[in-house]
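Trainee: Sharing a model that was predicted from the sequence below.
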Amino acid sequence: MAKKTLKANKEKVAKKKTKVVVEKTVGKQFQSLRGMRDILPKDQPYWQKVRRVVERVASDYNYARIDTPLVEYRELFERSTGEGTDIVEKEMYKFKTKGGDDVTLRPEGTPGVVRAYIQYGMRTLPKPVKLYYIGPMYRYDRPQEGRYREFYQFGFEAIGEQDPILDAQVIQMAMRIYSLLGFKKISLQINSIGCKECRPDYNKLLISYLNNRKSSLCMECKKKLKKNPLRILDCKEDKCRQVVSQAPQTIDHLCKDCKKHFTFLLECLDEIEIPYEINSGLVRGLDYYTKTVFEIWSDDDEYGSLSLGGGGRYDYLVKNLGGKDTPGVGFAAGIDRVIMSMKKKDIKPQTHLAPKIYLAQLGDLAKKKSLKIFEELQKAGIPVLESFGKGNLRSQLRQANQLGVETVLIIGQREALDETVIIKDMASGNQEISTFQKVIKGLKKRMQKAIKIKKK
């Protein structure tokens, strides 16, 4: 009896707890998580423009699209991005699957692309293998203007060639994307951080310099001094920047091969008339970079400079992830940051011709006919708005007026039987009746005339 009573009491407690949970959740108004956000319809034209430009440039430069999984093994990013980087130490969304796999939401695009390159034997393809991607990334970073925990990137990777001409072409391609997006003032910052031959000697020199000024470094940079001293050059703290301003420069300590590579790259940029600034403090925040590193900035007197994207060469990454010794170079940009800058600069997204026609209907037969007429208008290339759910003609005309529509096509019971349509001019209020076929021809002519005027 005692056992039965205890069991009954436990069941009662469990039911009470369940009831409390239900009561707390019922009627709750949910919001998006911090650092996540919805891309609303009013912003979609900007996103469509960026995607169109990226896809167009990818096609022009012969890059093929690749989509990699959102979830990858955690070790993939630790081995590529670097265990001492902020991404790996602080920002990755790490978790274990039910099967016990140690995974993460992808924080960037390049390691996944390189993993796919190795996994599917792409080294047998003609070199360089050119791939591009567009999609969401995830970093548990502090949300701020233009930065989200779920953010979107596009990126380009050219794998298999060591020639600096590829570096120049990737930069040329990146600059073209921003130009097509409507940016007028953009600048290129560039540097060379050497290779495994010359970087160890430079690191010793840098550590010696920084150790003598260790007390002036921030806490984060004191940690980096042991793990990755090169990344101290990229610190944004004022006191660290003052120390770094007098530090030895990487380009003064390059080996013969790196010096030759960097010189030829700059000559290529001069040839295609892309102005640049050599920034000795530019290292990028990822461990896999070698030789060339670069960033593209939007220059604006009103809002200050803003980094729009960057990239560089990663000649050891494929081998580090288990492939053959294969060089590579790439570029990536955050779409959120790009669109934020477009809005600040009042760069308008390219939009389709706004619908100037509204299709209104009254009665069940008119509704049926309207579906067919709507399809015919679309086939004729005439943008048209409608509200088939509304049965009241007055409410439909009110909506047409709110949308700024110039002409309303009205189909009632009689028009549906006669296959005619009432054409109402919203500005003057004038109405006329015409056959449907004549209306389509007239609207097409009017639309073509409007497009010609717009082009002029």
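Mentor: Thanks, I have the structure now.

Trainee: so where's this structure uncertain?
Mentor: Filtered on pLDDT under 70, the chain yields the residue ranges 1-27, 82-86, 144-146, 285, 300-304, 350-355, 390-391, 446-456.

Trainee: domain ranges for it?
Mentor: Per automatic domain parsing, the structural domains of the chain span 41-198+254-344, 357-455.

Trainee: Compile the ones you listed into CSV and extend it with columns for mean neighbour count and distance to residue 225.
Mentor: (Glycine included, C-beta is placed from N, CA and C.) Below are the domains of the chain laid out as CSV (neighbours: other C-beta atoms under 10 Å; distance: least, C-beta to C-beta, whole Å):
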stretch, mean neighbour count, distance to residue 225
domain 41-198+254-344, 18, 11
domain 357-455, 15, 59
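
Trainee: Indicate which one of those domains is closest to residue 30.
Mentor: Nearest to residue 30 among the domains of the chain is domain 41-198+254-344; the distance by C-beta to C-beta comes to 16.3 Å.

Trainee: which residues touch residue 411?
Mentor: 359-362, 366, 369-370, 373, 421-422 (C-beta atoms under 8 Å, 6 or more residues apart in numbering).

Trainee: Any chance of the domains of the chain in JSON lines with distance to residue 224 as columns?
Mentor: Conversion of the domains of the chain to JSON lines gives the following (distance: least, C-beta to C-beta, whole Å):
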{"stretch": "domain 41-198+254-344", "distance to residue 224": "7"}
{"stretch": "domain 357-455", "distance to residue 224": "55"}
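
Trainee: Between these, which one is closest to residue 218.
Mentor: Nearest to residue 218 among the domains of the chain is domain 41-198+254-344 (13.2 Å), distances taken as C-beta to C-beta.

Trainee: And the strands in the stretch 301-450 of the chain, which stretches?
Mentor: 306-313, 328-334, 357-361, 384-386, 407-411, 420-425, 431-435 (DSSP state E, counting those that start in this stretch).

Trainee: among the ones you listed, which is nearest residue 247?
Mentor: strand 306-313 (19.7 Å).

Trainee: neighbouring strands for the closest one, and are they parallel or not?
Mentor: Strand 306-313 pairs in its sheet with strand 290-298 (antiparallel), strand 328-334 (antiparallel), by DSSP bridges.

Trainee: so which of those gets nearest residue 77?
Mentor: Using C-beta to C-beta, the nearest of the strands paired with strand 306-313 to residue 77 is strand 328-334, at 14.4 Å.

Trainee: ok, and what's touching the closest one?
Mentor: 108-110, 114, 128, 146-147, 151-160, 166-167, 170-171, 173-174, 177, 292, 294, 296, 308-315, 317-318.

Trainee: Same question for stretch 251-266.
Mentor: Counting by C-beta under 8 Å, 6+ apart, residues outside stretch 251-266 touching it are 164-165, 167-168, 190-192, 194-195, 197-198, 201-202, 205, 276, 278, 280, 291-292.

Trainee: isn't residue 118 right up against residue 318?
Mentor: Yes. In this structure residue 118 lies within contact range of residue 318 using C-beta atoms under 8 Å: 6.5 Å.

Trainee: picking that back up, CSV for the strands of the stretch 301-450 of the chain, including distance to residue 270?
Mentor: Output for the strands of the stretch 301-450 of the chain, formatted as CSV (distance: least, C-beta to C-beta, whole Å):
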stretch, distance to residue 270
strand 306-313, 19
strand 328-334, 19
strand 357-361, 53
strand 384-386, 52
strand 407-411, 56
strand 420-425, 60
strand 431-435, 64
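
Trainee: Tell me which of the ones you listed lies nearest to residue 48.
Mentor: Using C-beta to C-beta, the nearest of the strands of the stretch 301-450 of the chain to residue 48 is strand 328-334, at 16.4 Å.

Trainee: and the closest one, how far out from the chain's middle?
Mentor: Computed by C-alpha atoms, centre = their mean, to the nearest Å, the chain-centroid distance of strand 328-334 equals 12 Å.

Trainee: do stretch 424-431 as well
Mentor: Distance, centroid of stretch 424-431 to centroid of chain: 44 Å (C-alpha atoms, centre = their mean).

Trainee: check contacts around residue 127.
Mentor: Applying C-beta under 8 Å, 6+ apart to residue 127 gives the contacts 159-161.

Trainee: which ones among the residues you listed are found in strands?
Mentor: Among these, DSSP state E puts residue 159 in strands.

Trainee: Kindly indicate which of the contacts of residue 127 lies nearest residue 381.
Mentor: Once C-beta to C-beta is applied, the member of the contacts of residue 127 that ends up nearest residue 381 is residue 159, at 41.8 Å.

Trainee: wait, that closest one sits on residue 116?
Mentor: No. The pair residue 159 and residue 116 does not pass the contact test of C-beta under 8 Å, sitting 10.4 Å apart.

Trainee: so what sits against both of those two?
Mentor: residue 122.

Trainee: Look up how far residue 403 lies from residue 328.
Mentor: Using C-beta to C-beta, to the nearest Å, residue 328 is found at 50 Å from residue 403.

Trainee: how far away is residue 369 from residue 415?
Mentor: Distance from residue 369 to residue 415, counting by C-beta to C-beta: 8 Å.

Trainee: now the strands: where do they sit in the stretch 1-150 of the chain?
Mentor: In the stretch 1-150 of the chain, the strands defined using DSSP E, counting those that start in this stretch lie at 64-65, 71-73, 94-96, 102-105, 129-138, 150-159.

Trainee: same for the fourth one, what does it pack against?
Mentor: Right, the one you point to is strand 102-105. strand 71-73, helix 74-80, strand 94-96 (3 or more C-beta pairs under 8 Å, 6 or more residues apart in numbering; DSSP states H and E).

Trainee: Reformat those into JSON lines and put distance to residue 381 next to each item.
Mentor: Conversion of the helices and strands packed on strand 102-105 to JSON lines gives the following (distance: least, C-beta to C-beta, whole Å):
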{"stretch": "strand 71-73", "distance to residue 381": "42"}
{"stretch": "helix 74-80", "distance to residue 381": "47"}
{"stretch": "strand 94-96", "distance to residue 381": "49"}
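
Trainee: which stretch among those comes nearest residue 383?
Mentor: The nearest among the helices and strands packed on strand 102-105, by C-beta to C-beta, is strand 71-73 at 40.1 Å.

Trainee: same for the closest one, what does it pack against?
Mentor: strand 102-105, helix 110-119.

Trainee: Name every strand pairing with that strand and say which way it goes.
Mentor: strand 102-105 (antiparallel).

Trainee: Need the CA coordinates for the strand it pairs with. CSV is fine.
Mentor: Extracted in CSV, the C-alpha atoms of strand 102-105 (Å, rounded to 0.1, in the frame of the first residue of the first chain):
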residue,chain,number,x,y,z
ASP,A,102,31.3,16.5,-31.4
VAL,A,103,30.0,19.1,-33.9
THR,A,104,29.5,22.8,-34.4
LEU,A,105,27.4,25.1,-36.5
